[in-house]
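K.L.:
Everything below, folded, please.
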Amino acid sequence: PKGTASISHRSASRFRWHGHTPTASGSSYRPANHPNGLSVRPLRHPSTPERRSKPHFSASDGALTYFWAIRSPNPSVVENPVKTKSVFKKRLKRILLFILLTPVVLSVLGAVAYFAYASLALGGESTPHQQYLSQNMEAVDAEKPGNFKLFDKDFYQNRIFLLGESHGFAAPQSLDLALLKHLHTKADVRYYLAEVDYAQAHFLNEYLRTGNDSLLRYVFETWVRENAQWGNRQFYEKIVKIRAWNQSLPAENRVRFVGVDKIQDWEVIRRFLREWLAANKVSGLDALRQAAENPKFDKNGLYAAAESLLDTVMLHNPLASLTQPKRDTLLHLLQNIRHHQQRFPRDSVMYLNLKALTGIQPELKNAKMYGLWGFTHTLPGSVNGGYRPFASLLRSPGSPFRQQVVALGTYAIDSENMIPGRELPKGFTKGKPYVNIPWANSDGPLIFVNGIKDLVAVTRLNTVTLFKLNGKDSPYFASDRLTRTKVLIPGQSLEADQP
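P.N.:
Okay, the predicted model is just below:
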C-alpha cells in the first residue's frame with residue numbers, strides 16, 4: 001500500500017533500469033515496471049514525511065542497477081503476517097506431535113524396562129541344574145496309584161509335612177488329596193494340619209463326623225463372603241472326598257483337621273463360643289457370654305472379656321469345675337483372642353498354636369501331620385531380611401519340631417489362576433466375584449521365580465512333576481536358584497536370607 005514499507009528492516013530490493021541517462025538532479029530517471037507488475041518508486045514512512053531513502057547507482061553493461069535502502073524508525077512494527085502464521089502452525093504441529101508421541105515413547109521405554117526386569121528376575125538356564133533335575137524327577141498322576149516313588153526312607157521319618165501352593169490354582173487340590181492318602185498309608189498321618197483357625201477346624205471336623213453339609217457350607221460361606229481364593233469349588237469337593245474316604249477307614253484311623261491359624265472370622269469364633277457356653281454351664285463367664293451373644297458384634301468387648309478371664313484364671317481359677325480338656329479348649333481360644341488384640345505376627349501365632357495344641361491334646365503329642373498351605377508359610381528359612389515363616393519357626397532352635405519338618409513347594413507354569421474380583425478393575429471382572437487369569441505363573445508375566453526356566457526345560461505340558469532338590473550332588477546346595485521370587489505387586493516379592 002502507498003506510504004508503507006513493503007519489506008523488513010535492513011533489507012533491499014534490486015531492480016533494473018533501461019534506456020535513461022541520469023541528469024544532475026537525478027529526477028529524470030524512471031524505473032521500468034517490476035516483473036510482478038508493480039511500479040517501484042521511493043517510499044517513505046508515514047511518520048517521517050521529511051525523511052526519504054537515497055538512491056544509489058552502479059554501472060553494469062551500460063545500464064543502471066537501482067537499489068532502494070529502506071529504513072524504518074520503528075522496526076518492531078514491521079511484521080510479516082504470513083510468516084507469523086507459519087511460525088504458529090509449526091509450533092502447534094510440534095505440540096501435537098509431542099502429545100501424540102509421548103505415550104508411544106513411554107510405552108516403548110516401559111516395555112524395554114519390563115523385559116529387562118523379567119529377564120534378570122527369571123535368570124538364565126543352567127545345564128548342570130537341568131542335568132540334575134532330569135535324573136531326580138517323577139511325573140505324578142494324582143488320579144492313579146503308585147505315585148511318589150521319589151521319596152526316600154528319610155522323607156517319611158519327618159513329623160510335619162507341608163505342601164506349599166500359590167492360592168487359586170486347581171492342580172494342587174487334587175495333588176493334596178493324593179499326598180494325604182499316600183502319607184496316611186506310608187507314614188500313619190491322620191491329622192490334616194490346616195490353614196484355618198481353631199473354630200473353623202471344629203466345624204470342619206463336625207462335618208467329617210456327621211456328614212451335615214450345612215456345616216461345611218457355613219465355613220465356606222465366610223470365605224466366599226470375603227472373596228477369598230481358598231473359598232473355591234476344588235477345595236470344597238476335596239473335603240467332601242476326604243469324608244467319603246474316611247467312611248471307608250476304621251474310626252481310629254480317620255483323618256481330622258487341626259486348625260492353628262490366627263483368627264480368620266469373628267462370627268465363626270462367636271458361634272463356637274455360644275455353643276460351647278451353652279454346653280458348659282460355668283459361672284463367672286457373663287462378660288464372655290454377653291460378647292458372644294450380642295447381636296451387634298463388639299470386638300473390643302470380646303477383647304476385654306477374654307483378657308479379664310485370662311487374668312482371673314491365673315488368680316482364682318473359676319474354671320476348676322470343668323474337665324481338663326474343656327478347660328484347655330476355652331483357654332486356648334481366649335489366648336487366640338489375646339494374640340489378635342496384641343497383633344502378633346500371623347506365622348508366629350500358627351507356631352504358638354501348634355505348640356500349644358500338641359501340649360494340651362494327648363493324641364497330638366507325637367502325631368504326624370500333613371497339610372496344604374500358602375507357599376510363603378512353607379519356606380524353611382527366614383526371608384526378606386529376617387521374617388520367619390511358619391515352617392521356619394518350626395525348624396528353629398528350641399522348637400519341639402526341629403529337624404522333623406519337610407516342605408514341598410509347588411510352581412505353576414502354563415496354568416490359570418482364580419483371582420478375587422475385588423482385586424481387579426471392575427471393567428475387567430464384569431461384576432464376577434472371581435476371574436481366571438493366566439498371569440500368575442511362576443515364569444511371568446506378574447511373578448518371576450529365579451531359576452524356573454530349568455524346570456520348564458525338563459517338563460512337558462499338562463503334567464505334574466515332582467523334583468527332589470536335596471539329592472546326592474545336588475547343585476542346589478551351593479546355589480540360590482529357586483530362592484528368589486519377584487512379584488510386580490508391592491510387598492509380595494520373596495527372597496531367602498540364606499540359600
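
K.L.:
give the contact list for Leu364.
P.N.:
For Leu364, the contact set (C-beta atoms under 8 Å, 6 or more residues apart in numbering) comprises Tyr191, Val258, Leu357, Thr358. Every C-beta, even on glycine, is put in place using the N, C-alpha and C of the backbone.

K.L.:
Now do the helix or strand hosting Pro325: which elements does it pack against?
P.N.:
Using DSSP states H and E, Pro325 sits within helix 324-341. The contact analysis (3 or more C-beta pairs under 8 Å, 6 or more residues apart in numbering; DSSP states H and E) places helix 324-341 against helix 198-210, helix 266-279, helix 299-315, helix 346-360.

K.L.:
List the buried residues for the last one?
P.N.:
Residues of helix 346-360 classed as buried under the neighbour-count rule (16 or more other C-beta atoms under 10 Å) are Arg346, Asp347, Val349, Met350, Tyr351, Leu352, Asn353, Leu354, Ala356, Leu357, Thr358.

K.L.:
next one: the third one
P.N.:
Taking 16+ other C-beta under 10 Å as the neighbour-count basis, helix 299-315 is seen to contain the buried residues Gly301, Leu302, Tyr303, Ala305, Ala306, Leu309, Val313.

K.L.:
Contacts made by that helix with the rest, please.
P.N.:
Residues from elsewhere that reach helix 299-315 (C-beta under 8 Å, 6+ apart): 266, 270, 284-285, 287-288, 290-292, 294, 318-319, 331, 334-335, 337-338, 340-341.

K.L.:
Surely Ile489 touches Leu446?
P.N.:
Yes. Counting by C-beta atoms under 8 Å, Leu446 is a contact partner of Ile489 at 7.0 Å.

K.L.:
circling back: pick the one among the contacts of Leu364 closest to Tyr156.
P.N.:
Nearest to Tyr156 out of these is Tyr191 (C-beta to C-beta; 15.6 Å).

K.L.:
tell me the phi and psi of the nearest residue to that closest one once chain neighbours are set aside?
P.N.:
Spatial nearest neighbour of Tyr191, chain neighbours left out: Met369 (4.4 Å); criterion: C-beta to C-beta, 6 or more residues apart in numbering. Torsion angles at Met369 (phi, psi; degrees, to the nearest 10) stand at phi -140, psi 150.

K.L.:
that older thread, mind putting the buried residues of helix 346-360 in CSV, pLDDT included?
P.N.:
Shown next, in CSV, are the buried residues of helix 346-360 (pLDDT from 0 to 100):
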residue, pLDDT
Arg346, 96
Asp347, 97
Val349, 97
Met350, 98
Tyr351, 98
Leu352, 97
Asn353, 97
Leu354, 98
Ala356, 97
Leu357, 97
Thr358, 97
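
K.L.:
mind giving me CSV with the residues you listed and columns for distance to Gly381?
P.N.:
Formatted as CSV, these follow (distance: C-beta to C-beta, whole Å):
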residue, distance to Gly381
Arg346, 18
Asp347, 13
Val349, 20
Met350, 16
Tyr351, 14
Leu352, 19
Asn353, 21
Leu354, 18
Ala356, 24
Leu357, 24
Thr358, 23
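
K.L.:
Kindly indicate which of those lies nearest Leu393.
P.N.:
If you rank those by distance to Leu393 using C-beta to C-beta, Tyr351 comes first, at 4.0 Å.

K.L.:
before we move on, what SS does the residue lying closest to the closest one once chain neighbours are set aside have?
P.N.:
Leaving out its chain neighbours, the residue that sits closest to Tyr351 by C-beta to C-beta, 6+ apart is Leu393, at 4.0 Å. With DSSP: H, G, I helix; E, B strand; the rest coil as the basis, Leu393 sits in helix.

K.L.:
contacting residues for Leu393?
P.N.:
Asp347, Ser348, Met350, Tyr351, Ser399.

K.L.:
nearest to Ala251, of the residues you listed?
P.N.:
Closest approach to Ala251 among the contacts of Leu393 (C-beta to C-beta): Met350, at 28.6 Å.

K.L.:
In this structure that closest one contacts Val258, no?
P.N.:
No. In terms of C-beta under 8 Å, Met350 does not count as a neighbour of Val258; the distance is 11.0 Å.

K.L.:
before we move on, back to that, name only those of the contacts of helix 299-315 that count as buried.
P.N.:
If you count burial by 16+ other C-beta under 10 Å, the buried members of the contacts of helix 299-315 come out as Arg270, Leu285, Leu288, Ala291, Ala292, Leu319, Leu331, Leu334, Gln335, Ile337, His340.

K.L.:
The fourth one falls within a strand, correct?
P.N.:
No. The assignment for Ala291 is helix, going by three-state DSSP, so no strand is present there.

K.L.:
how close does it sit to His339?
P.N.:
Using C-beta to C-beta, to the nearest Å, one gets 17 Å for the distance from Ala291 to His339.

K.L.:
so Tyr192, which of the three states?
P.N.:
Strictly by three-state DSSP, Tyr192 counts as strand.

K.L.:
any idea how far it is from Asp154?
P.N.:
23 Å.

K.L.:
Kindly report the same for Leu352.
P.N.:
Going from Leu352 to Asp154 by C-beta to C-beta gives 28 Å.

K.L.:
Over to Trp276?
P.N.:
The gap separating Trp276 from Asp154 is 42 Å, by C-beta to C-beta.

K.L.:
more crowded one of these two?
P.N.:
Ranked by neighbour count (other C-beta atoms under 10 Å), Trp276 and Asp154 place Trp276 first, with 19 against 9.

K.L.:
wait, Asp454 sits on Gln131?
P.N.:
No. Counting by C-beta under 8 Å, Asp454 sits too far from Gln131 to count as a contact (9.6 Å).

K.L.:
Between the two, which has more neighbouring residues?
P.N.:
Counted by other C-beta under 10 Å, Asp454 and Gln131 do not tie: Asp454 has more neighbours, with 24 against 13.

K.L.:
what comes up buried for the helix or strand encompassing Trp223?
P.N.:
Following DSSP H and E, one finds Trp223 within helix 213-225. For helix 213-225, a neighbour-count test (16+ other C-beta under 10 Å) marks Leu215, Leu216, Tyr218, Val219, Phe220, Thr222, Trp223 as buried.

K.L.:
which stretches of the stretch 51-200 of the chain aren't confidently modelled?
P.N.:
The model of the stretch 51-200 of the chain has pLDDT under 70 over residues 51-85.

K.L.:
In it, mark out all the strands, start to finish.
P.N.:
Per DSSP state E, counting those that start in this stretch, the stretch 51-200 of the chain carries strands over the ranges 56-60, 63-69, 137-140, 160-165, 191-194.

K.L.:
Save the contacts of Leu364 as TSV, and put in distance to Gly231 too.
P.N.:
Putting these into TSV (distance: C-beta to C-beta, whole Å) gives the following:
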residue	distance to Gly231
Tyr191	23
Val258	20
Leu357	25
Thr358	28
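
K.L.:
From Arg190, how far off is Leu215?
P.N.:
The value you get for Leu215 to Arg190, if C-beta to C-beta is used, is 21 Å.

K.L.:
oh sorry, the question was meant for Tyr114
P.N.:
48 Å.

K.L.:
out of those two, which sits in the more crowded spot?
P.N.:
Neighbour count, other C-beta under 10 Å: between Tyr114 and Arg190, Arg190 has more, with 19 against 13.
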